[in-house]
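Participant: sequence and computational prediction follow.
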Amino acid sequence: MTEAQAYVQDYIPHEGQRLGVHRHPSPGEGPAVLVLPAMGVPAGYYRRFAADLTEQGLNVAVADLRGTGSSTPRASRDQRYGYAELVSDVPVVIDHLVDHGFLGPDGQRPLMLLGHSLGGHVASLYLAGAPESPVRGLTLVACGIPYHALYGWRGPMVHTMATTLRTTAKVLGHWPGAGFAGRQTHGVIRDWAHTVHKGRFVSVDGRDPDLGLAGVRVPVQAITVDDDQFTPPVTIDHLVAKFTGTNVAAHHYTTGEAGARLDHFLWARAAAPLAARVAKFAAAL
C-alpha cells in the first residue's frame, strides 16, 4: 500500500459527537499501538510515522483528540471539556479497536499506548485511573510536564505565556490557536496551564494524579528528541519520576540517529529508526 492508501478512517459515535481514528493495519502479528497526538495536531500528521511502525510489524491506530482533526466537537464557548474528557475518550477508542479486531482475532496482540506531548498527558492520566486496562505498555515521545520552574531563565516567560493563554481562552470562551496549540477549549488550556504553574496534572474524577501515576505497573518508555523547543529533557524527567511503581526506559533521539533535523514535531517525519526502537520495546510487553 502507498502511504496515502495505508489507513482506514473510522468514526466512533460518542456523547452525541464523534471520535475519529486512523487505522493502519499490518499483515504481521506484532503488537498493537494506539497513538495519541499532540495538542492541535491531527492524526494525519503521523501518517509517515505510522507507516514506519507498520513496517516493523505493528498494528497502528492514530486517534484524533476530541475537537481536533476528524473528531468533534470543535472548540467554542459552548464546549467546556478539558483533560478529564480527553481521558474519558481513550477507553471508548480502545473498545472500538478491540471490537474491530485491532488486537487480532483472538485478542492476542498486546496493546501499547504511544503519547506525543498532550497525547502523553492523556495516556498517562488514563493509565493512572485504569488499573484494569488492557494496555500493556506506554511510550512517551516529546512529552513532559512543562513546569515553569524547570526552564531556568526562561521560566518566568513560560509562566506568563501559560497565564496569558488561560486568560485569553477564558475571556473568548476558547483558545483560537494563534501561533500555538491549535484551536482549543478553555478547559484544555486551563488544565495544560495548571501543569505549567503547578508542575503536576489536574485531578481527574477526584483522583490524586500523582498517586495514580505511582500506581501504574505497565512498563514505560520515555523518548526525548534533539532541539525540542517545548519539552526539554528535564520536563520529561519530571514526568517519569512520578511513575515510581514501574520500570522506565529512557532514550534520547538525536539528529544523527534520525538523519534529519528534529524538534518537538519534526521527529514524526524522520522516525524510521525510532519506530524500530518502539517496536523492540513493544515486542517485550
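Facilitator: In hand now; what should we look at? The structure displayed is predicted, hence computed values, not measured ones.
Participant: where do the strands of the stretch 51-200 of the chain begin and end?
Facilitator: In the stretch 51-200 of the chain, the strands defined using DSSP state E, counting those that start in this stretch lie at 59-63, 111-116, 135-141, 174-175, 184-185.
Participant: ok, the closest residue to residue 198 other than its chain neighbours - how many residues close by?
Facilitator: In space, and not counting its chain neighbours, residue 198 is closest to residue 147: 7.5 Å by CB to CB, 6 or more residues apart in numbering. (C-beta placed from N, C-alpha, C; glycine too.) Neighbourhood size, residue 147 [other CB atoms under 10 Å]: 20.
Participant: from now on call the first residue 719
Facilitator: OK, 719 is where the count begins now, so the last one is residue 865.
Participant: residues in contact with residue 865?
Facilitator: Neighbour list for residue 865: 913, 914, 916, 917, 953, 956 [criterion: CB atoms under 8 Å, 6 or more residues apart in numbering].
Participant: nearest residue to the middle of this structure?
Facilitator: residue 837 (1.7 Å; CA atoms, centre = their mean).
Participant: for that one, list the residues it contacts.
Facilitator: With CB under 8 Å, 6+ apart, residue 837 has these contacts: 753, 754, 755, 756, 783, 861.
Participant: out of the residues you listed, who's the most crowded?
Facilitator: Of those, with other CB under 10 Å as the count, residue 861 tops at 32 neighbours.
Participant: hmm, back to that, nearest residue to the residue nearest to the centre of the chain in space, ignoring adjacent ones along the chain?
Facilitator: Counting by CB to CB, 6+ apart, the residue nearest residue 837 is residue 754, at 3.1 Å.
Participant: who does the one you found bridge with?
Facilitator: residue 833 (DSSP bridges).
Participant: surely it is in contact with residue 843?
Facilitator: No: with contact defined as CB atoms under 8 Å, residue 754 and residue 843 do not form a contacting pair (10.8 Å).
Participant: need the max-distance pair from the contacts of residue 837.
Facilitator: Between any two of the contacts of residue 837, the greatest separation by CB to CB is 13.5 Å, found for 783 and 861.
Participant: now do the shared contacts for these two.
Facilitator: 836, 837.
Participant: and the pLDDT for residue 777?
Facilitator: What the model reports for residue 777 is a pLDDT of 96.
Participant: okay then, goodbye and thanks.
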